[in-house]
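> missing the sequence, but the structure's below:
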């Protein structure tokens, strides 16, 4: 999905913004995705940009003026202690905080140079373009097939049933689930194991062709084997999608992300290549957290 507003051209939505960032290298024994040269990183397109974003719950300030660029086709991990604001910030990126009556957001969140908090923007279309995978798998009370088909039907992405079947199969294949469920597509999504349900939710998200996938602790309720499958899937999906993931597991952040952002008490303390954050952090608070002195 290439636009929030059907009246805008792809050229308008794909205006290049470039910036400098750190080269990506491996971290010890952790396998890293998408190794890139300095010259490649220096020309990387910004997919999402936040400018002076504040989030309030009533009078309490949860996010304190965050500026952050998220690059196209990168995996960026948000880490920090419980209550630091990382999940709140993640939810600002597709306006999920709109569902909380006491929540107020100020500042700008730009997706391909369009402010997603523009009051004239179609929020349903936004959440198709910037999809969300939640902490706990939440399949719809529908069949496996209908879980994946729901979004394409809603957004009119299939011209006929053959198109729809192709979208469902391709989405399940991308989520690494097709071979496990192809003979039981009419069974309830809730009949799957926890790890399979989470991959079903990922398939449901990518079925509407998003540009960005947000993941809020997607493996916290999964066993190690299911977690490994989801982590492998994240690396594969990053070739086609921009991914931001909240995680409490620093090992997971090191395994799957290109860059890591450390949050503390509503502030963005540090963001850099994952290798640098975990081996030579710039800030004492970051070092204290990753070495286990608090958090």
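Looks like it arrived, so ask away. Please read all numbers here as calculations on a predicted model, not as lab measurements.
> confirm that residue 51 sits in a strand.
Yes - using DSSP: H, G, I helix; E, B strand; the rest coil, the assignment for residue 51 is a strand.
> for it, give the beta-bridge partners.
residue 108 (DSSP bridges).
> doesn't residue 273 make contact with residue 281?
No - between residue 281 and residue 273 there is no contact under Cβ atoms under 8 Å: 11.1 Å. (Each C-beta comes from the backbone N, C-alpha and C, glycine too.)
> which one is residue 197 nearest to, not counting chain neighbours?
residue 137 (3.6 Å; Cβ to Cβ, 6 or more residues apart in numbering).
> quick one: secondary structure of the one you found?
coil.
> swap in the one 4 residues further on?
Per three-state DSSP, the secondary structure class of residue 141 is coil.
> tell me how many other residues surround it.
Around residue 141 there are 9 other residues, counting by other Cβ atoms under 10 Å.
> measure it to residue 255 for me?
33 Å (Cβ to Cβ, to the nearest Å).
> same thing with residue 85?
23 Å.
> can you pull the pLDDT of the residue nearest to residue 197?
On pLDDT, residue 137 comes in at 94.
> identify the residue nearest the residue positioned nearest the centre of the chain in space, chain neighbours excluded?
Among the residues of the chain, the one closest to the centroid is residue 214, at 2.1 Å (Cα atoms, centre = their mean). Using Cβ to Cβ, 6+ apart and skipping residues adjacent in sequence, the residue nearest residue 214 is residue 132, 4.8 Å away.
> which element is that neighbour on?
Using DSSP states H and E, residue 132 maps to strand 130-133.
> could you find the closest non-adjacent residue to residue 107?
residue 53 (3.8 Å).
> show me where this protein has its strands.
46-57, 60-71, 75-79, 103-111, 114-115, 130-133, 212-216, 242-246, 259-264, 267-273 (DSSP state E).
> quick one, which of these gets closest to residue 292.
strand 75-79 (12.7 Å; Cβ to Cβ).
> tell me what angle the closest one forms with strand 212-216.
Interaxial angle, strand 75-79 versus strand 212-216 (axes from the mean of the first three to the mean of the last three Cα atoms, to 10 degrees): 30 degrees.
> what helices and strands are in contact with strand 75-79?
The contact analysis (3 or more Cβ pairs under 8 Å, 6 or more residues apart in numbering; DSSP states H and E) places strand 75-79 against helix 86-92, strand 242-246, helix 250-256, strand 259-264.
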